[in-house]
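> No letters, just coordinates:
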């Protein structure tokens, strides 16, 4: 088998391919998927997904790995006990390190299929202060405060694309309409 030598150690071709694919996956997740999810979803939807669904996906992934090991690799009772111990460690490990990755991938997959659209009417409350203009958006299911700059910028960006007044030009107690698309798993996103 061919490979390359680095620091007097021979690395085979399969190892190089494995680590190259791992690095490519990491780059795609961090520089494409994560920014897309942050741009398209309100923070409330991301939090809702993390609170109610990401732990289930983690558990399903770990359970599938455990089932595979128990069926195909563990032949003795001792090896099955070790597999269960490794499963418990794997669950803890994935909850600690892979929750964000699983969330980003799942929310990316969510927006691949549009199941419907939902229009949210938000009331705009504004107040001029010494620091500038205070803006609060309030609807039936959504409330966005002035301190939530990220979500206000997302909404303002969409309003800008649609060539309507930006939020800072809207009067107190006016209403705005925001259309959310509902994805494959039922989570709403802006687009």
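Now that the structure is in, tell me what you want to look at. Remember, predicted model here, so these are calculated numbers, not experimental data.
> and the spatially most central residue of the chain, what does it touch?
When C-alpha atoms, centre = their mean is applied to the chain, the residue found nearest the centroid is residue 104 (2.8 Å). For residue 104, the contact set (C-beta atoms under 8 Å, 6 or more residues apart in numbering) comprises 29, 33, 34, 37. Heads up, the C-betas are built off the backbone N, CA and C, glycines and all.
> Which two among those residues are spaced furthest apart?
29 and 37 (10.0 Å; C-beta to C-beta).
> ok, back up a step: in a markdown table, list the contacts of residue 104 along with secondary structure and distance to residue 128.
Converted to a markdown table, these look like this (DSSP: H, G, I helix; E, B strand; the rest coil; distance: C-beta to C-beta, whole Å):
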| residue | secondary structure | distance to residue 128 |
| --- | --- | --- |
| 29 | helix | 42 |
| 33 | helix | 39 |
| 34 | helix | 36 |
| 37 | helix | 34 |
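> Scan those residues and report the most crowded one.
Counting neighbours by other C-beta atoms under 10 Å, the top entry in the contacts of residue 104 is residue 37, with 23 neighbours.
> In this protein, where's the longest helix?
Using DSSP state H, we find that the single longest helix of the chain is helix 77-97.
> contacts for that one?
55, 58-59, 61-63, 65-66, 69-70, 73-74, 102.
> Can you list which of those are found in helices?
The members of the contacts of helix 77-97 that map onto helices under DSSP H are 55, 58, 59, 61, 62, 63, 65, 66, 102.
> Return the members of those residues classed as buried.
The neighbour-count test (16 or more other C-beta atoms under 10 Å) marks 58, 62, 65, 66, 102 as buried among the ones in helices among the contacts of helix 77-97.
> least confident pick among those?
Least confident of those in the model: residue 66, at 77.
> which residues of the chain fall in strands?
3-6, 9-12, 116-129, 132-138, 143-144, 175-182, 188-189 (DSSP state E).
> just those strands: most buried one?
Mean neighbour count (mean count of other C-beta atoms under 10 Å) peaks for strand 188-189 among these, with a mean of 22.
> mind listing what it pairs with, with the direction of each?
Here strand 188-189 is paired, per DSSP bridges, with strand 175-182 (antiparallel).
> Mind checking the pLDDT average for the strand it pairs with?
Confidence over strand 175-182 (mean pLDDT, whole number) is 92.
> tilt between it and strand 116-129?
140 degrees (axes from the mean of the first three to the mean of the last three C-alpha atoms, to 10 degrees).
> Next, the angle strand 132-138 makes with strand 175-182.
60 degrees.
> Please give the centre-to-centre distance between strand 175-182 and its chain.
Chain-centre distance of strand 175-182: 20 Å, with C-alpha atoms, centre = their mean, to the nearest Å.
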